[in-house]
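Participant: Build the 3D model from these lines:
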Amino acid sequence: MKRRGLNFLDSIPYRAMCRLLAVRSERLIDPTHHLMNLAQVARESKVFQGHGWGCAYLKDGEWMIYKNIKPIWEDDLTIFPKTTLLLAHARSAFRDEGIRVENNMPFSADGFTFIFNGELHGVRIKEEGRIGAEKLFNYIRRLNKGDLAEAMRRAGEVIRRRSRFVRAMNIIISDRKRIYLHSFFQDDPEYFTMHLKEEEGELIICSEPYLNDKGWEKIENGTVRVFG
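Facilitator: Presented below is the predicted three-dimensional model:
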């Protein structure tokens, strides 16, 4: 049976030069501080990050999803309750196309929440989804047989083998308890290198260190890692 909307083959390059953020804490935190820092990172980026944004946070053990077509720096970032887990995504749409709020990440399904940035050219893999990022999320979920890190590793290997060129593929997924990270790039390491900071029971993973903040470490290219 033919699967609906599956074909990556001969598609235009999928490009999402977005900015990513994940925060996990042992205690309740106010998301505003972290979202304002992501907004500053996005606003100062060399690539325009104003095609909307979104975040996911845990409330009573369940994902709450918020998306807005405004640039993150123009939105009210004080409305979110305290939480122990936050994923956020500032969008830079390819060719300024497909700018609809439903195309904003995070995407969420089956208890997993997903954000991505990167650039994939000529991917010859079939999967369902409206845009490339959603297809990538669904492909990883399809490969997941109970070990999500292994599914991300395998998806990364297959996509690199079946693509004309993968400029970068940074993926963060959370299952409400752990954060899973896949980081890979072959160009512009200054832009695509992920960073992390750990202090006082709090883990922050971001596309860039917060401005004027110290204690950040670069995440090595090729990393597949579980934080939990």
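Participant: Which helix or strand lies directly C-terminal to the host helix or strand of residue 41?
Facilitator: Secondary structure from DSSP states H and E places residue 41 in helix 31-44. Next along the chain after helix 31-44, taking DSSP H and E as the criterion, comes strand 53-59.
Participant: Pick out the residue nearest the middle of the protein.
Facilitator: For the chain, the residue nearest the mean C-alpha position is residue 115 (2.2 Å; CA atoms, centre = their mean).
Participant: ok, that one touching residue 89?
Facilitator: Yes: between residue 115 and residue 89 there is a contact under CB atoms under 8 Å: 4.3 Å. Any C-beta I mention is one placed from the backbone N, CA and C, and that applies to glycine too.
Participant: which sections of this protein are below the confidence cut-off?
Facilitator: Applying pLDDT under 70 to the chain flags residues 1-16, 94-98.
Participant: For this structure, which segments count as strands?
Facilitator: Along the chain, the stretches classed as strands by DSSP state E are 14-16, 19-29, 53-59, 62-68, 83-90, 107-109, 112-121, 165-174, 179-182, 195-199, 202-206, 217-218, 224-227.
Participant: Give me the buried positions along the longest one.
Facilitator: Applying a neighbour-count criterion of 16 or more other CB atoms under 10 Å, the buried positions in strand 19-29 are 19-25, 29.
Participant: Please apply the same query to stretch 212-227.
Facilitator: 219, 224-225.
Participant: picking that back up, what touches both of residue 115 and residue 89?
Facilitator: Counting by CB atoms under 8 Å, 6 or more residues apart in numbering, the shared contacts of residue 115 and residue 89 are 18, 20, 105-106.
Participant: Just give me the closest of those to residue 69.
Facilitator: residue 105 (13.0 Å; CB to CB).
Participant: can you count the residues close to the closest one?
Facilitator: 30 (other CB atoms under 10 Å).
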